[in-house]
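A.B. asks: Have a look at this prediction, sequence included:
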Amino acid sequence: MTASASLLERSDKKTADREQHTSANLRGNGLLNGKVAIITGASRGIGAASARIFAASGAKVVLAARDAGAIATVAKDILSKGGQAVAVPTDVGDPVSVERLVQQTIDAYGRLDAAFNNAGDGHMPTALADIKVEDFERAIRVNLTGVFLSMKYEIPAMLRNGGGAIVNMSSTAGLTGVKGIAGYVAGKHGIIGLTKTAALDYPQLNIRVNAIAPGPILTDRLKQLKNRDQVALAVPIQRIGEPEEVAYTVVWLCSDQASFITGATIPIDGGRMAGVA
């Protein structure tokens, strides 16, 4: 067995063990008891995992994404496990759609305490001068404009109830350059700037705003890669992260346990941004 194959086998076993542990402990958290949270991009991957773990942590969750059927399925799963969830089809790049999302949250649950602005999009790897203008604009619309619009309508709703916590989805691509994905990189860098600015605009009004910067996470796109073992080898911890590991960090940032943290960007990357191992 090659070293990389052995690494992948160990990584897959650890993944299975973590998934079993996560499933067994989803209802034991309670960090968000009584809170109402919006999660955008909740149809799959990190967003869907976050919706489930927010609910397991005591939050009433509002799931937002363009895929109405997918978020309805996630909401049904949460309800079947005793949680509280509603699904609201939303295009985060459309101000009318985002405003409606926040209003439907208030209509359903009467308040808004937390938000995970997770929706994102990108384009196929392409050298900058060859990127189609519409592909670049789509990446900016969903990643950057989507986070701006989400905060624009979430913050006033939170202020009506004395404050809240927001977590924005950036990426390690928001902390460094990445060849071939200029639109995605520009959007993710911009999210960190928006996060810092919003954090400085509202600290005395009890609104905290942070960002996360995940590295390789085992979402559907990464599962399709044939060379996942090579991706894992590039991570100091030598494995790929799980969506639930991202979700638990977001839950903590939205909880009162993180009450002195705002304006921060937290890497969730197995040590990749620490430097060269």
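C.D. replies: Structure received.
A.B. asks: For the rest of this, base every contact and every neighbour count on C-alpha atoms.
C.D. replies: Fine.
A.B. asks: Could you pull out the strands in this protein for me?
C.D. replies: 36-40, 60-65, 84-89, 114-117, 164-169, 207-214, 265-268 (DSSP state E).
A.B. asks: mind listing the helices for the stretch 51-200 of the chain?
C.D. replies: 68-80, 95-109, 133-140, 146-159, 182-201 (DSSP state H, counting those that start in this stretch).
A.B. asks: Would you reformat these as a markdown table and include distance to Glu242, mean pLDDT and mean neighbour count?
C.D. replies: Putting those into a markdown table (distance: least, C-alpha to C-alpha, whole Å; pLDDT from 0 to 100; neighbours: other C-alpha atoms under 10 Å) gives the following:
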| stretch | distance to Glu242 | mean pLDDT | mean neighbour count |
| --- | --- | --- | --- |
| helix 68-80 | 18 | 98 | 18 |
| helix 95-109 | 28 | 98 | 18 |
| helix 133-140 | 24 | 96 | 18 |
| helix 146-159 | 23 | 98 | 22 |
| helix 182-201 | 20 | 98 | 22 |
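A.B. asks: Now render those helices as a markdown table, adding distance to Gly275.
C.D. replies: Listed next are these as a markdown table, based on distance: least, C-alpha to C-alpha, whole Å:
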| stretch | distance to Gly275 |
| --- | --- |
| helix 68-80 | 37 |
| helix 95-109 | 38 |
| helix 133-140 | 28 |
| helix 146-159 | 29 |
| helix 182-201 | 19 |
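A.B. asks: Nearest to Leu222, out of the ones you listed?
C.D. replies: Nearest to Leu222 among the helices of the stretch 51-200 of the chain is helix 182-201 (16.4 Å), distances taken as C-alpha to C-alpha.
A.B. asks: Excluding its own residues, what touches that closest one? List them.
C.D. replies: Contacts to helix 182-201, defined as C-alpha atoms under 8 Å, 6 or more residues apart in numbering, come from residues 121-123, 127-128, 135-137, 139-140, 143-144, 147-148, 168-171, 173-175, 177-178, 207-211, 262-265.
A.B. asks: For Asp121, which residues are in contact?
C.D. replies: Listed by C-alpha under 8 Å, 6+ apart, the contact set of Asp121 reads Arg138, Ala139, Val142, Asn143, Tyr184.
A.B. asks: what's the span of stretch 120-127, first residue to last?
C.D. replies: 20 Å (C-alpha to C-alpha, to the nearest Å).
A.B. asks: Kindly report the same for stretch 138-149.
C.D. replies: In stretch 138-149, first residue to last residue: 15 Å (C-alpha to C-alpha).
A.B. asks: still on that earlier bit, for Gly47, find the nearest of the helices of the stretch 51-200 of the chain.
C.D. replies: In terms of C-alpha to C-alpha, the element of those nearest to Gly47 is helix 68-80, at 9.8 Å.
A.B. asks: still on that earlier bit, same list (the strands of the chain) but as JSON lines, adding mean neighbour count.
C.D. replies: Shown next, in JSON lines, are the strands of the chain (neighbours: other C-alpha atoms under 10 Å):
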{"stretch": "strand 36-40", "mean neighbour count": "29"}
{"stretch": "strand 60-65", "mean neighbour count": "28"}
{"stretch": "strand 84-89", "mean neighbour count": "24"}
{"stretch": "strand 114-117", "mean neighbour count": "28"}
{"stretch": "strand 164-169", "mean neighbour count": "27"}
{"stretch": "strand 207-214", "mean neighbour count": "26"}
{"stretch": "strand 265-268", "mean neighbour count": "20"}
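A.B. asks: Let me have those in TSV, adding distance to Val250 as columns.
C.D. replies: Converted to TSV, the strands of the chain look like this (distance: least, C-alpha to C-alpha, whole Å):
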stretch	distance to Val250
strand 36-40	11
strand 60-65	14
strand 84-89	18
strand 114-117	7
strand 164-169	7
strand 207-214	8
strand 265-268	10
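A.B. asks: Tell me which of the ones you listed sits nearest to Ser50.
C.D. replies: Among the strands of the chain, the nearest to Ser50 by C-alpha to C-alpha is strand 36-40 (7.7 Å).
A.B. asks: helices or strands next to the closest one in the packing?
C.D. replies: helix 45-56, strand 60-65, strand 114-117 (3 or more C-alpha pairs under 8 Å, 6 or more residues apart in numbering; DSSP states H and E).
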